[in-house]
Every structure is written in structure tokens, then in C-alpha cells.
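Task: produce atomic coordinates for the following.
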Amino acid sequence: MPMNAVYRGPADLPETIPVFPLPGALLLPRGQMPLNIFEPRYLAMIDDSLRDGHRLIGMIQPDTGHRGPEQKPNLYRVGCVGRITQLSETGDGRYLIQLTGVARFRLEQELSVATLYRQCRVTYAPFANDFIARKGEEAVDREALLEALQAFLKANNLKADWQGIESAPNEALVNALAMMSAYGPAEKQAMLEAPDLKTRAEILIAVTEIELAKGATEGEPPLQ
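Sure, this is the predicted structure:
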């Protein structure tokens, strides 16, 4: 596998990948997720992914509606595979890594493996459009998205790099806001499973408006 891999479609990715179950974690194609790795099983997972050369990790959430055993919770059926694009050692046994999202996957089967970390057989076929950068971004209601963002920032007395936001392409803007949002696992999963960028933006706007309305009704600041 080359150091700077290019993935053109589902056939370019392995069917079996290690998975990292993490509540509230949302990785999307071409999005970037920093992770602090300190558990021995996940340190081993990183080592193995580097040794095998693929440098791929599947991010997936535990299924909040069907939790299962505490040590091995049930998983949602859809996650996103990311490639390790940055890694540094902290000197105290941890890794600081950055995953860059490649494509979503549907979990087909969890495998019985000797590793402490979990591995699954997955398919990327339902998400072939993930390999096409900026696919469908012309359908996003950018004005509505920015209005919701402005209202959220104002309600929470937050500031943002508005010049950078306004210059960002729709795909990067929607996915970055979705990934950085502080909403719960169910809302994050809904945005992950959205069939297209337009729908993901609509979910993000709707959830933001609900939180703003809830905060106004209760007289408390919205979710931060």
C-alpha cells in the first residue's frame, strides 16, 4: 500500500477491518478526527494497522438502543473507515493520531479473532458515492445552514472563524460541523447514515433548531 493511498471505489478497501467502538464519535468521508489512543488493545490495533500497511481503522458507535454486554457492546450497523494520516508518540505510552475519513461501511459480520480489539467484515458498496469528493453539495441549502450556525453561536456566546466558514466548500462545511457538533449518539448516527449531503445538512439544521428552541423554552443555554 503506498504511503499516500488513493481510494477510487469499494474494491480498493479491505473487506475485513479493525473497528474502534466509540460513543459520540462521528467520522465522515474526507473529515479529520484526532484521537488519543491509550488502551492497550487499541495501541495494539494501531500497531497492527501500521504493520499490515493498510493504516485503516473503522470508527463505529455502540448501539445505544441495544446496548448488549458492557465489555462488548452491540454496534450500530453503519460506521466510517478512516486512514491514519498522522501519528505521534507521547513518550508516556500513548499515540496521538489523526484519522482521515475514506468511506462509510455497513457491518456484515463481527469475526471471532484472537486480537483484543474487534474486527468485522464490512461492505462499502451501499456508499459508493462516498468516493466522489463533493458529491451532491450543490443541493445543500447553504443559507439555511449558515443561519442555523449563526443562531447557535449567538445563543451560546461563541465565536468562529466566519471568513473561513464562508469560504469552505459545502461538503467540508457540512461534514466538519456535523463531526464537531456536541449532539448525542443517535443524532450523530442519523447524520452518518444520511443518504446524501443534502439530507445530512437538513438533519444538522433540524437538530440545531430543536436544541435552540429547547434552550429558549427552558430558559437555559442550548447544548454546548
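
Excluding sequence neighbours, find me the nearest residue to E89.
Nearest non-adjacent residue to E89, counting by C-beta to C-beta, 6 or more residues apart in numbering: Y95, 6.4 Å away. Heads up, the C-betas are built off the backbone N, CA and C, glycines and all.

I'd say that neighbour and P40 touch.
No. With contacts counted by C-beta atoms under 8 Å, Y95 stays clear of P40, the gap being 11.6 Å.

Between these two, which is the more surrounded one?
Per other C-beta atoms under 10 Å, whichever of Y95 and P40 has more neighbours is Y95, with 18 against 11.

Quick one: residues contacting the more buried one.
Applying C-beta atoms under 8 Å, 6 or more residues apart in numbering to Y95 gives the contacts N36, I37, L43, I46, L87, S88, E89.

Help me confirm that the first one comes into contact with R94.
Yes. Here N36 lies in contact with R94, judged by C-beta under 8 Å, at a distance of 6.3 Å.

which residues does I57 bridge with?
Following DSSP bridges, I57 is listed with bridge partners G82.

Could you check how many residues crowd around it?
With other C-beta under 10 Å as criterion, I57 counts 27.

Excluding chain neighbours, what is closest to V78?
Once flanking residues are discounted, V78 sits nearest to E193: 5.1 Å by C-beta to C-beta, 6+ apart.

Please report phi then psi for that neighbour.
In terms of degrees, to the nearest 10, the main-chain angles of E193 are phi -90, psi 0.

And the pLDDT at it?
We note a pLDDT of 98 for E193 in this prediction.

Go ahead and confirm it touches C80.
No. The criterion here is C-beta under 8 Å, and E193 misses it with C80 at 10.3 Å.

what do these two both touch?
By C-beta under 8 Å, 6+ apart, the residues touching both E193 and C80 are R104.

ok, back up a step: closest to A216 out of the contacts of Y95?
Set against A216, the nearest of those by C-beta to C-beta is N36 (35.2 Å).

residue contacts, that closest one?
Listed by C-beta under 8 Å, 6+ apart, the contact set of N36 reads R94, Y95, L96.

which phi and psi does it have?
When read as degrees, to the nearest 10, the backbone of N36 gives phi -100, psi 110.

For I203, grab the count of nearby residues.
By other C-beta under 10 Å, the residues close to I203 number 20.

Go ahead and report the secondary structure state at the residue nearest the centre of the chain.
Centrality entry for the chain: nearest residue to the mean C-alpha point is L27, 1.3 Å, by C-alpha atoms, centre = their mean. Under DSSP: H, G, I helix; E, B strand; the rest coil, L27 falls in the coil class.

Show which residues not belonging to the helix ranked longest in the chain make contact with it.
When the chain is parsed with DSSP state H, its longest helix is helix 197-218. The contact list for helix 197-218 (C-beta under 8 Å, 6+ apart) reads 135-137, 139-141, 144-145, 148-149, 151-152, 155, 170-171, 174-175, 177-178, 181, 183, 187, 190-191, 194, 221-223.

Same question for stretch 139-150.
If you take C-beta under 8 Å, 6+ apart as the criterion, stretch 139-150 is touched by 160, 165-166, 170, 173-174, 177, 196-198, 201-202, 204-205, 208-209, 212.

try it again with 7 Å
N170, V174, L177, L197, K198, A201, I205, T208, E209 (C-beta atoms under 7 Å, 6 or more residues apart in numbering).
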